[in-house]
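K.L.:
I'll drop the sequence and a predicted model, then ask my questions.
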Amino acid sequence: MIPLIVLLGVMIGIAAWWEIDLVIIATASGGLAIGIGFALQETLQNYFTYLTIKKDKIFVEGDRIKLENGYVGIVRMITPRVTYVKHGLNESIAIIPTRQLIAATIVNYSKDTTFVPAAVEVGASYLNDPEEVASVLMKVGQMAMNEITDVRGRHLIVQQKCPYRYQHKPSCGCDKNILVDLDQPRVRVTNFNSSSIDFSVWVFVRDYGSQFKVESDMRIMIIKEFKKHNINIPWPIQTEYRGNLGQEIKEIQDTEDVRKKTLKEYGLGDLSSHDQPESDTSSK
């Protein structure tokens, strides 16, 4: 700033020495400043928006955000002119003028988030006992906590104690920075559908991107466990029964012991006030 002030003082001194009317110079300079201000309006908006984002830490490089147009990506670089957001699947890079971000509604999936829920919904036949279905989903949730890992062998589901510790191995890190008592897996009855009772099973994963693999693997586990326990997922078609309803009920009853054993071992989670269901529920 000092050289600019000295230069301005020298120019004013020369103008006064030449007896130039300073009012004319001031008027011309004011008009020129207004023109430059209009020309640099967007540049100044970008710059001050950049300072605001940096100061308030609205988002930082590495955060996963969602823009107003639905674009979801990871912030790669924030500059005083533009901000680069890379698509989550590396399909593209969005280049947004920084000034537009301060006035837009942005969803930040990374800010102050220590874990993210992963939920899978599934429908079961009305012929199946809903408590037995819930216990199978509890089993699937606990299997997912122990078995679903990334390529490095780290568990994707956060938990109070890493399953590797039960095997006398070092923790993979899934139990670090857990400051709350996580109640998981969670099972909910969500809806009475036209052809099924709908359930959802929840677990909590370590970051936004982990939920997709966890949900995919849990769906495969659910299909396998439902087949093992003879729990039917209704087909999206109309079924006409001609004397086969009794046979289907008989087949379900034939595998009742397997479902009762799972119900007794895994319970209902927080769907019931009791921790362990009684072995004989026929008296209820």
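P.N.:
Structure received. Treat the numbers as computed from the prediction; the structure is a model and nothing was measured.
K.L.:
Okay, now the unreliable bits of the stretch 151-284 of the chain?
P.N.:
236-243, 272-284 (pLDDT under 70).
K.L.:
try 80
P.N.:
Within the stretch 151-284 of the chain, the stretches with pLDDT under 80 are 177-182, 235-246, 269-284.
K.L.:
ranges for the helices of it?
P.N.:
163-166, 210-228, 245-254, 256-266 (DSSP state H, counting those that start in this stretch).
K.L.:
and of those, who's closest to Pro97?
P.N.:
Minimum separation from Pro97 across the helices of the stretch 151-284 of the chain (Cβ to Cβ) falls at helix 210-228, 30.6 Å. C-beta: built from backbone N, CA, C; applies to glycine.
K.L.:
Identify the residues contacting that closest one?
P.N.:
For helix 210-228, contacts defined as Cβ atoms under 8 Å, 6 or more residues apart in numbering pick out 116-120, 122, 124, 136-137, 139-141, 143-144, 147-148, 150, 156-157, 201, 203, 205, 231-233, 258.
K.L.:
in that helix, what's buried?
P.N.:
Of the residues in helix 210-228, 210-211, 214-215, 217-218, 221-222, 225-226 count as buried by neighbour count, 16 or more other Cβ atoms under 10 Å.
K.L.:
hang on, the earlier thing: can you select the buried ones among the contacts of helix 210-228 for me in ChimeraX?
P.N.:
To isolate the buried ones among the contacts of helix 210-228 in ChimeraX, judged by 16+ other Cβ under 10 Å, type:
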select :116,118,120,122,124,136,137,139,140,141,143,144,148,156,157,201,203,205,231,232,233
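K.L.:
Mark which of the contacts of helix 210-228 are part of strands, please.
P.N.:
Judged by DSSP state E, strands contain the following of those: 116-120, 122, 124, 201, 203, 205.
K.L.:
So Tyr50 sits against Pro97, correct?
P.N.:
No. Using Cβ atoms under 8 Å, Tyr50 is not in contact with Pro97, being 10.5 Å away.
K.L.:
nearest residue to the residue most central in space within the chain other than its sequence neighbours?
P.N.:
Per Cα atoms, centre = their mean, the C-alpha nearest to the average position across the chain is that of Tyr208, at 3.9 Å. Nearest non-adjacent residue to Tyr208, counting by Cβ to Cβ, 6 or more residues apart in numbering: Tyr109, 4.5 Å away.
K.L.:
now Tyr50
P.N.:
Pro80 (4.3 Å).
K.L.:
three-state assignment of that neighbour?
P.N.:
coil (DSSP: H, G, I helix; E, B strand; the rest coil).
K.L.:
Make residue 1 into 652 and carry on from there
P.N.:
Shifting the count to begin at 652 puts that one at Pro731.
K.L.:
From what I see, Met728 and Tyr735 are in contact.
P.N.:
Yes. At 4.5 Å, Met728 and Tyr735 qualify as touching, with contact defined as Cβ under 8 Å.
K.L.:
Which one's more surrounded, the two?
P.N.:
Tyr735 (16 against 12; other Cβ atoms under 10 Å).
K.L.:
how far away is Lys775 from Thr730?
P.N.:
If you look again at residue 775, you'll see it is Ala, not Lys. 52 Å (Cβ to Cβ, to the nearest Å).
K.L.:
scratch that, Thr800 is what I was asking about
P.N.:
38 Å.
K.L.:
Likewise for His738?
P.N.:
19 Å.
K.L.:
again with Val787
P.N.:
For Val787, the distance to Thr730 - Cβ to Cβ - is 52 Å.
K.L.:
repeat for Gln862
P.N.:
Separation of Gln862 from Thr730 (Cβ to Cβ): 31 Å.
K.L.:
picking up where we left off before, among Tyr701 and Pro748, which residue is more densely surrounded?
P.N.:
Neighbour count, other Cβ under 10 Å: between Tyr701 and Pro748, Tyr701 has more, with 20 against 13.
K.L.:
In which helix or strand does the more buried one reside?
P.N.:
Using DSSP states H and E, Tyr701 maps to helix 692-707.
K.L.:
Tell me the helices and strands packed up against that helix.
P.N.:
On a contact count with 3 or more Cβ pairs under 8 Å, 6 or more residues apart in numbering; DSSP states H and E, helix 692-707 meets strand 723-729, helix 749-753.
K.L.:
Now tell me what touches that helix from outside.
P.N.:
709-710, 729-733, 748-750, 752-753.
K.L.:
now do stretch 729-747
P.N.:
So stretch 729-747 is in contact with 694, 697-698, 701, 704-705, 711-712, 715-716, 718, 722-728, 748-749, 752, 860, going by Cβ under 8 Å, 6+ apart.
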